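K.L.:
Sequence below, structure please.
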Amino acid sequence: MKKSVMVLIVLLLMGCGEAPTANQQSTTKQTANNKTSQAESSQLNTPPVSTQGVDFSAYMNKDSICGILSQDALHQMFNIPGEITTEVEHSGAVTCRYSWSYKTLKDRKQATDNGKSYDFGQASKYSARAISNEARLIISLSATEKTAVNFVPEILNQAEIEAQIEQLKAETTDRNQSMDHSELEKLLEKKKQSLIKKNQLNTAIDHVGDAAYWTQIAGGGLHVLAGQVHVYISPLIATEMGADVENAVAVLARMVGQ
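P.N.:
Model (predicted):
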């Protein structure tokens, strides 16, 4: 009898811990999902840059856009030996284009190699980067209504890509009914490959601005959401695109005084 009582007491003690409530279970699950989502979304592990409290809108005009980053700062960052020229563009976004040159391609490589390069395969070997001693930096600002939730382009899964391809096929066929069948098939295949390629050209970056991503389009560029401003930084500075990811983030950090 005593033995049975002791066993019962042990069992009661083992079971005395409280079971997690529904809210606790939900919180735990949500935390795990957030960690998984972050791990999957951030393939580029760059230094964090906060844009909180920075008013980029003050530079969103043709008279002040090039003041967002001083030429002295560029000289220091990239060991620029000579003059920097600037050109302002205003078509939707307000843009400042900085251009300069190094004496040789070797000088350019030594001045702009930041010691860290991300692998973009063939895209990293952008032709203008590999053969020229010229360098340039584009900084664009534009107003946006996007939020951190929808700023980074969503990477589609296979089923979503196929659904978009079917929609594209129907739209293309409707618009080109008079086109020869073989030519229409070629056009559809071209658009299909373009859609698949674009789905792989954007990579999310965590802890930069409110949201950020790198795109391989047009030689590469960093897109950053800072409040209601879309900041675009496109460096053709290093000899490989992968190294310019760090250069773009460094430019943003200098712009916000970090």
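
K.L.:
in a helix, that's where residue 98 is, yeah?
P.N.:
No: applying DSSP: H, G, I helix; E, B strand; the rest coil, one finds residue 98 to be strand, outside a helix.

K.L.:
ok, for it, nearest residue in space, not its chain neighbours?
P.N.:
Nearest-residue entry for residue 98: residue 137, 4.4 Å, with adjacent residues in sequence omitted and distances by C-beta to C-beta, 6 or more residues apart in numbering. Just so you know, the C-beta spots here come from the backbone N, C-alpha and C atoms, and that holds for glycine as well.

K.L.:
Identify the residues contacting that neighbour.
P.N.:
74, 97-98, 233-237, 251 (C-beta atoms under 8 Å, 6 or more residues apart in numbering).

K.L.:
So which of those is the closest to residue 188?
P.N.:
The closest of those to residue 188 turns out to be residue 234 (C-beta to C-beta; 31.2 Å).

K.L.:
Which of the helices or strands spans the closest one?
P.N.:
Element membership for residue 234 (DSSP states H and E) is strand 229-236.

K.L.:
do residue 174 as well
P.N.:
Element membership for residue 174, per DSSP H and E: helix 158-175.

K.L.:
Mind checking the pLDDT average for that helix?
P.N.:
On average, the pLDDT along helix 158-175 is 79.

K.L.:
After it, which helix or strand is next?
P.N.:
Taking DSSP H and E, what comes next after helix 158-175 is helix 181-198.

K.L.:
Contacts for the next helix or strand after that next one, please.
P.N.:
Using DSSP H and E, the helix or strand that follows helix 181-198 in sequence is strand 202-205. Strand 202-205 is contacted from outside by 41-44, 46, 152-153, 155, 211-216, 222, 249, using C-beta under 8 Å, 6+ apart.

K.L.:
Buried among these? Make that a PyMOL selection.
P.N.:
Buried residues among the contacts of strand 202-205 (16 or more other C-beta atoms under 10 Å), as a PyMOL selection:
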select buried, resi 42+44+46+152+211+212+213+214+215+216+222+249
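
K.L.:
Spatially central, which residue of the protein would that be?
P.N.:
For the chain, residue 213 is the residue whose C-alpha lies nearest the centre (C-alpha atoms, centre = their mean; 1.3 Å).
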